[in-house]
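Asker: sequence unavailable; structure follows:
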DNA sequence: AACTCCTACGTCAACGTTGACGTAACCGCC
DNA sequence: GGCGGTTACGTCAACGTTGACGTAGGAGTT
């Protein structure tokens, strides 16, 4: 076994000495800059190879005028949510193609932690930050943004100026989902939502209201349940709905864990074939359930790609006005949303 | 909107000038080192705060003797696989508590890409690397390891020396799963596996063989289907199994996508209530299906935590002999694995 | 009173790299 | 054959920080 741990990493100086040139010439060859003859360049490359030389990007970015670290930070709430995972993947994918690596950090919906992570990132001089989770106030984000760090918010618009964001068609797609249910004849459509503090929840609720209005239905307040953070709360709330004298015949669940919780209850009460369900956010195996769950599917890779493109452009010096990019979601019909009301 | 993008970041020199001390004193205060009076320290901290000073970790690690970047690299295959996502999350969590951030990169099962990512990471002078995906040869890994980079493999033992790894009880748990099925009276138990080049596939297959042997059952070669990379291939292969004259009464699926594919077919042929299924690897909503899927659940957070602890220890200079940590998996009974053979 | 020791600072150089600039050799051209 | 231009190098300092070391002043010891 090779105990190489204590061996010093070779530097440009070592390569230069072996190739009998100056470090500057090594720099030119390594970076592919002009000003080095073919013969010398070969010698340098050979020396680099024999020594196993790897340029030190941190030293390089320290000295370089652009000061780039070719690294961006990505903050998310919880990777165990497939939405976050897919988003990170999409951002990482796009960034990698630009030679940029991703420093990942999960804030677990904790403002203190988020602030600390932002400091950690800025301490490492990332070129920009993509933030895909912020409940409540955005002070820490604004503070970081004001320092000049390029920033893109995902799934939430900024409460402060000068910052790009990428969201999906929360309101329009929610409205469409409700209209889809109404078109089947449903008149009692419940709304089950995540925490009201979340911008997406509010948007989806607004879309729900718009849908009801557009279909000529009246809102029944008791069919609206919000602040359902997690599948368990959603399950309980769904139970309460079906204890009503006049229970809903259709349910619009405005977040994927809420959908799962609702389905769990419907299944337990054997209502899953009689009550229509449309969920916002797709989730794995939604097609495997019986019936398959009709969902509003966000274009997660599209959102991630767009976010990455925006941050990369800003890092490249794009100073055009801030953008709110909206990536369209689509209704995926799998059965649960196509159940007509029992007459 | 604050156009701060072009304002130079404040440095120690700026803080020193404002606090009327030397940069070295600022360094002492910022790093909490002794040798600075209380009054001076307060002045320095105040100056740092007014300027919005953030230490530059890249410059610091360049100069420091330990040369630490407080960053580790994590390579995974595909974040859209919940196994990878949960693992990354666990590693990130543990690392964060040690003040270490994670540079994430997906290799997408491509050796060229993996090699490039390793170079990118080493170019950024990460302190260590956790690798959770390598099919086939490990040349690039060994090369990186030989440079002295601390490394931990997850889910696969190294083919070279001097490197830690963390795996689960692939063989033992597979054997137990088969014995569980055999105890119900199953005598025709099929094996559906991922690519044979994967070490985990081989281990699980070996466990399957051990289980058959221990239960006194004879292997029927036509009930073994491997190289099923992805749910679609698994679905097709499962179909072929049930076209046999004497189809299996139970199926052991050795990977989560394989399980999903198999379930898809069983559902399509309405066999899902008659054929027993045990899958290796849990997956979201496995409990929501009908029947719930009995699985061998790996302790993914445990694996991730262990991997992080190992790499952090190595970075801290632990030179004890390489470790192969084995984190036990557990059988989770949900129904599909408890179906008795139809007589 | 002379000494050692300690504390609280400061000075300087170096980490690995690159921007700015210098220079020697060679080219073409009137 | 002298001039301007280009090419292929080299030299030097600086990026932001910290390790090694220096020093002034005060406290404690003999």
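Answerer: Nice, thanks for sending it over. Quick caveat: nothing in here was measured; it's all calculated off a predicted structure.

Asker: and the residue nearest the centre of chain A, which helix or strand is it part of?
Answerer: Chain A has residue A:87 as the residue nearest its centroid, 4.0 Å off, counting by CA atoms, centre = their mean. Using DSSP states H and E, residue A:87 sits within helix A:82-97.

Asker: what helices and strands are in contact with that helix?
Answerer: Counting contacts by 3 or more CB pairs under 8 Å, 6 or more residues apart in numbering or on different chains; DSSP states H and E, helix A:82-97 is packed against strand A:71-76, strand A:101-106, helix A:300-315, helix B:82-97, strand B:101-106. C-beta coordinates here come from the backbone N, C-alpha and C atoms, glycine included.

Asker: which parts of the stretch 51-200 of chain A sit against DNA strand C?
Answerer: Residues of the stretch 51-200 of chain A lying near DNA strand C by CB under 7 Å from any atom of the strand: A:55, A:56, A:59, A:60, A:62, A:63, A:64, A:65.

Asker: give me the number of residues near residue A:66?
Answerer: Residues near residue A:66, counting by other CB atoms under 10 Å in any protein chain shown, number 10.

Asker: contacting residues for it?
Answerer: The neighbourhood of residue A:66, defined by CB atoms under 8 Å, 6 or more residues apart in numbering or on different chains, contains no residues.

Asker: a helix runs through it, doesn't it?
Answerer: No. Residue state for residue A:66 (DSSP: H, G, I helix; E, B strand; the rest coil) corresponds to coil; a helix is not indicated.

Asker: measure it to chain B for me?
Answerer: 12 Å (CB to the nearest CB, to the nearest Å).

Asker: what does residue A:168 give?
Answerer: Residue A:168 is 18 Å from chain B, by CB to the nearest CB.

Asker: right, and that residue touches residue A:330 too?
Answerer: No. Residue A:168 lies out of contact with residue A:330 (CB atoms under 8 Å); the separation is 9.9 Å.

Asker: which one of the two has more residues nearby?
Answerer: residue A:168 (26 against 14).

Asker: for the more buried one, give me phi and psi.
Answerer: As for residue A:168, its main-chain torsions (degrees, to the nearest 10) stand at phi -110, psi -180.

Asker: still on that earlier bit, tabulate the helices and strands packed on helix A:82-97 (CSV), appending distance to DNA strand D and mean pLDDT.
Answerer: Listed next are the helices and strands packed on helix A:82-97 as CSV, based on distance: least, CB to the nearest atom of the strand, whole Å; pLDDT from 0 to 100:
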stretch, distance to DNA strand D, mean pLDDT
strand A:71-76, 16, 96
strand A:101-106, 18, 96
helix A:300-315, 18, 97
helix B:82-97, 21, 94
strand B:101-106, 17, 96
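
Asker: what's the nearest residue to residue A:105 if we skip its chain neighbours?
Answerer: Take residue A:105 and drop its neighbours on the chain: the residue closest to it by CB to CB, 6 or more residues apart in numbering or on different chains is residue A:117, 4.2 Å away.

Asker: and the closest residue to DNA strand C within the stretch 101-250 of chain A, what does it touch?
Answerer: Per CB to the nearest atom of the strand, residue A:125 is where the stretch 101-250 of chain A lies closest to DNA strand C, at 13.1 Å. Contacts of residue A:125 were listed using CB under 8 Å, 6+ apart, and they are A:61, A:67, A:69, B:56, B:57, B:58.

Asker: quick one, which of those residues has the minimum pLDDT?
Answerer: Among these, residue A:67 carries the weakest pLDDT, at 88.

Asker: run a quick neighbour tally on that one.
Answerer: 14.

Asker: do the same with the one 4 residues further on
Answerer: By the criterion of other CB under 10 Å, residue A:71 has 24 neighbours.

Asker: wait, isn't it in contact with residue A:128?
Answerer: No. Look at residue A:71 against residue A:128 with CB under 8 Å: they stay out of range, at 9.1 Å.

Asker: so the residue nearest to residue A:105 sits against residue A:110, correct?
Answerer: No. Using CB under 8 Å as the test, residue A:117 is too far from residue A:110 to be in contact (9.6 Å).

Asker: more neighbours, those two?
Answerer: Set residue A:117 next to residue A:110 and count neighbours by other CB under 10 Å: residue A:117 wins out with 24 against 13.

Asker: that one: what secondary structure?
Answerer: Judged by three-state DSSP, the three-state class of residue A:117 is helix.

Asker: what about the residue of the stretch 1-150 of chain A found nearest DNA strand D, neighbour count?
Answerer: Proximity of the stretch 1-150 of chain A to DNA strand D (CB to the nearest atom of the strand) peaks at residue A:37, 2.5 Å away. As a burial measure, residue A:37 scores 10 neighbours (other CB under 10 Å).

Asker: so what does it have for phi and psi?
Answerer: Torsion angles, degrees, to the nearest 10, at residue A:37: phi -70, psi 160.

Asker: could you measure from it over to residue B:339?
Answerer: Distance from residue A:37 to residue B:339, counting by CB to CB, to the nearest Å: 75 Å.

Asker: repeat for residue A:258
Answerer: 31 Å.
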